[in-house]
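J.: Everything below, folded, please.
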Amino acid sequence: MISQESLSLGEAEPEEIASLPGWQKEEAELAVQIQATDRYLALPDRFEVNEWEVMNEFCQEVKADNIRATLLGAIRGSHAFRRFKDQIAHHNMWDQWDRFRRHAFGEIVRDWCEENSITLAVRQKQSAQP
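T.: Model prediction:
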């Protein structure tokens, strides 16, 4: 991964890159390589991933009518993310939300990889040794 700021170093003149500190020089050289080939793809940014929709889907799946209604109300209007998180905390649902969100983002990653013909390799968690 490379930041947008570091990626812009790929457009710098060779003299500019040579005068950079070592760590930044490495980033600039990577940026030049990225811009010189089509082997790299930009990951979806926060505007391409609809986290509000993920929250809405979570709310819709809550079994208890009163809690579902409260959560759905929280995601309407301004400050939806803050109000949603406040309600998740109030109803002690952080674990359920975290599992749901991880699964939803996993689906987004899988779909993005499939759309871009990328084979996704998933590492299995290793159990802790006593």
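J.: Not counting its own residues, what contacts the helix or strand where residue 53 lies?
T.: Using DSSP states H and E, residue 53 sits in helix 51-61. With CB atoms under 8 Å, 6 or more residues apart in numbering as the test, helix 51-61 has contacts from 68, 71-72, 75, 80-81, 84, 96-97, 100-101, 104-105. To be clear about C-beta, it is placed using only N, CA and C from the backbone, and glycine gets the same treatment.
J.: Repeat that for stretch 108-125.
T.: Residues from elsewhere that reach stretch 108-125, judged by CB under 8 Å, 6+ apart: 41, 43-44, 49.
J.: I'd like to know how far residue 50 sits from residue 41.
T.: Computed with CB to CB, to the nearest Å, the distance linking residue 50 and residue 41 is 19 Å.
J.: Against residue 11, how distant is residue 36?
T.: 11 Å.
J.: ok, back up a step: what mean pLDDT does the helix holding residue 53 have?
T.: Helix 51-61 carries an average pLDDT of 96.
J.: Now do it: distance to the chain's middle.
T.: Distance of helix 51-61 from its chain centroid, counting by CA atoms, centre = their mean, to the nearest Å, is 16 Å.
J.: Alpha carbons of it, as PDB, please.
T.: C-alpha atoms of helix 51-61 as PDB (Å, rounded to 0.1, in the frame of the first residue of the first chain):
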ATOM      1  CA  GLU A  51     -20.800   1.900   5.200                       C
ATOM      2  CA  TRP A  52     -24.200   3.500   5.800                       C
ATOM      3  CA  GLU A  53     -25.800   0.600   3.800                       C
ATOM      4  CA  VAL A  54     -23.800  -1.900   6.000                       C
ATOM      5  CA  MET A  55     -25.300  -0.200   9.100                       C
ATOM      6  CA  ASN A  56     -28.800  -0.300   7.600                       C
ATOM      7  CA  GLU A  57     -28.400  -4.000   6.800                       C
ATOM      8  CA  PHE A  58     -27.300  -4.700  10.300                       C
ATOM      9  CA  CYS A  59     -30.300  -2.800  11.700                       C
ATOM     10  CA  GLN A  60     -32.700  -4.700   9.500                       C
ATOM     11  CA  GLU A  61     -31.400  -8.100  10.900                       C
END
